[in-house]
Structures are given as structure tokens and as C-alpha cells.
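Chemist: Give me a model of this one.
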Amino acid sequence: MKKWLKPAVGVAGLVPAGLVTFKFLTGRLGANPIAEAMNQLGFWTLVLLLASLACTPLKTVFDWNWPVRLRRLLGLLAYFYATLHFATYLVLDQFFAWDEIGKDIVKRKFITVGFVAFVLLIPLAVTSTNKMVKRLGFPRWKMLHRLVYVIAVLGIIHFVWRVKSDYREPTIFAAVLLVLFAVRVFAWWRARSASA
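Modeler: Model (predicted):
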């Protein structure tokens with residue numbers, strides 16, 4: 001992998017957040033800028049999450065090693081956007097009104113699912129370092145990080161329930177996730193058949 005690729009992906013991954021911030025501060029996010037900022041940050045969370053999940057299938061299908069080396073970075077960028085998404089809701093939308101936030105999480109199912117996905121994402125980000133892999137042991141670390149598939153499903157459900165009517169984008173995300181699942185299952189089946 002070229003040495004410049006990882007820094008380039010890292011910088012490129014921060015560009016959408018910079019654009020959202022710039023548009024928000026300059027009044028270019030429409031009539032409801034807080035909701036639009038949350039929508040865009042949530043969108044990029046899913047894009048980066050699915051990009052991180054695509055790394056291993058790309059290696060499986062095309063025998064490319066370089067995507068796997070970007071997987072951790074893409075996952076951390078996804079966590080960064082998820083944090084911004086939640087922070088926008090917490091600070092700008094609710095102004096730290098904890099009672100209202102608690103009611104939202106309990107009563108509004110799309111917020112419940114999104115909150116669960118965000119909470120599950122935290123231990124994955126915390127254990128993303130090489131030291132944590134060694135501390136947990138690779139088998140346990142790998143099992144923990146399989147939660148990313150659950151998180152992706154919850155994120156797409158959150159998106160579907162949030163948009164309510166226009167399901168085109170969530171459908172695309174769901175289709176991509178199904179393809180990634182299919183590649184993983186096929187690779188597992190092929191490896192099991194070969195060892196039988």
C-alpha cells in the first residue's frame with residue numbers, strides 16, 4: 001500500500017464534516033439546519049461504516065490487501081461521525097435537556113435504535129488499538145468486533161425509521177450490506193467445504 005493512501009483517506013474522510021460545519025455556520029443548511037446537519041452526519045456515518053465492512057470482502061473477491069489496512073481508519077472515522085451526529089442532537093437539538101433526551105430514547109423507536117447502535121460502537125472504537133487486541137486476545141477481540149454487523153443493521157433501521165417516506169437511500173445501504181454479508185457467508189462456506 002502506498003504510504004500516502006492512509007493519510008489521504010483520513011483527510012478525505014474529514015472533508016464532509018468540514019463542509020457540514022461550514023454550511024451550518026454560514027446558514028447554508030436550509031430552513032432546519034440542525035436537522036439537516038444531523039441527517040448529513042448520520043449519512044456519512046453509514047457510508048464510512050459500510051466502507052469499513054467492505055474491506056475484507058474486497059480482499060476476498062479481488063485478493064487486494066490494501067483495503068484491509070484501511071479498515072481500522074474507516075471504522076474510527078465512522079465512530080467520529082456517529083459521535084458528531086449524536087453530539088449535534090445532544091447539544092444543539094436538545095440543549096442537554098436530559099429528561100427530554102431520556103423520553104426520546106424510550107418513546108421514539110428510531111432514536112432508541114440509533115442510540116443503541118452508538119453505544120455498541122463505543123467499545124469497538126476503544127478497543128481498536130493494537131494494545132487492546134493483545135490485551136483482549138485476538139479471538140475475543142474478533143468476536144467483539146463482529147458487533148459491527150449488528151451496528152450496521154441498527155444504523156440502517158434507524159435511517160429507515162427516520163426518513164419515514166423516501167426509502168431510496170436506506171434501501172441502497174441495505175442492499176450494499178446484504179452483498180457484504182453474502183460475500184462473508186460464501187467465503188465462510190467455501191473455507192468450511194475445503195477443510196471438510
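Chemist: Mind checking the pLDDT average for the one helix or strand residue 170 maps to?
Modeler: In the assignment (DSSP states H and E), residue 170 maps to helix 168-195. The average pLDDT for helix 168-195 rounds to 90.
Chemist: So which bits of it are buried?
Modeler: Of all the residues in helix 168-195, those buried under the rule 16 or more other CB atoms under 10 Å are 170, 173, 174, 176, 177, 180, 183. The way it works is simple: take the backbone N, C-alpha and C, and place the C-beta from them, glycine included.
Chemist: With adjacent residues omitted, what lies nearest to the residue nearest the centre of the chain?
Modeler: Compute the mean C-alpha point of the chain, and by CA atoms, centre = their mean the closest residue is residue 49, 3.1 Å away. Of all residues not flanking residue 49 in the chain, residue 78 sits nearest, at 4.1 Å (CB to CB, 6 or more residues apart in numbering).
Chemist: and that neighbour, what is it in contact with?
Modeler: By CB atoms under 8 Å, 6 or more residues apart in numbering, the contact set of residue 78 is 45, 46, 48, 49, 51, 52, 121.
Chemist: Could you measure from the fifth one over to residue 74?
Modeler: Residue 51 sits 5 Å away from residue 74 when distances are taken as CB to CB, to the nearest Å.
Chemist: How about the fourth one?
Modeler: Distance check for residue 49 against residue 74: by CB to CB, it reads 8 Å.
Chemist: Show me what the worst-scoring helix or strand of the chain on mean pLDDT is packed up against.
Modeler: Ranked by mean pLDDT, DSSP states H and E, the weakest helix or strand in the chain is helix 168-195, scoring a mean of 90. The contact analysis (3 or more CB pairs under 8 Å, 6 or more residues apart in numbering; DSSP states H and E) places helix 168-195 against helix 33-62, helix 147-163.
Chemist: Same list (these) but as a markdown table, adding mean pLDDT and distance to residue 126.
Modeler: Formatted as a markdown table, the helices and strands packed on helix 168-195 follow (pLDDT from 0 to 100; distance: least, CB to CB, whole Å):
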| stretch | mean pLDDT | distance to residue 126 |
| --- | --- | --- |
| helix 33-62 | 96 | 16 |
| helix 147-163 | 95 | 12 |
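Chemist: Leaving out chain neighbours, which residue sits closest to residue 124?
Modeler: Nearest to residue 124 is residue 145, by CB to CB, 6+ apart, at 5.8 Å.
Chemist: that older thread, nearest to residue 94, of the helices and strands packed on helix 168-195?
Modeler: Among the helices and strands packed on helix 168-195, the nearest to residue 94 by CB to CB is helix 33-62 (9.9 Å).
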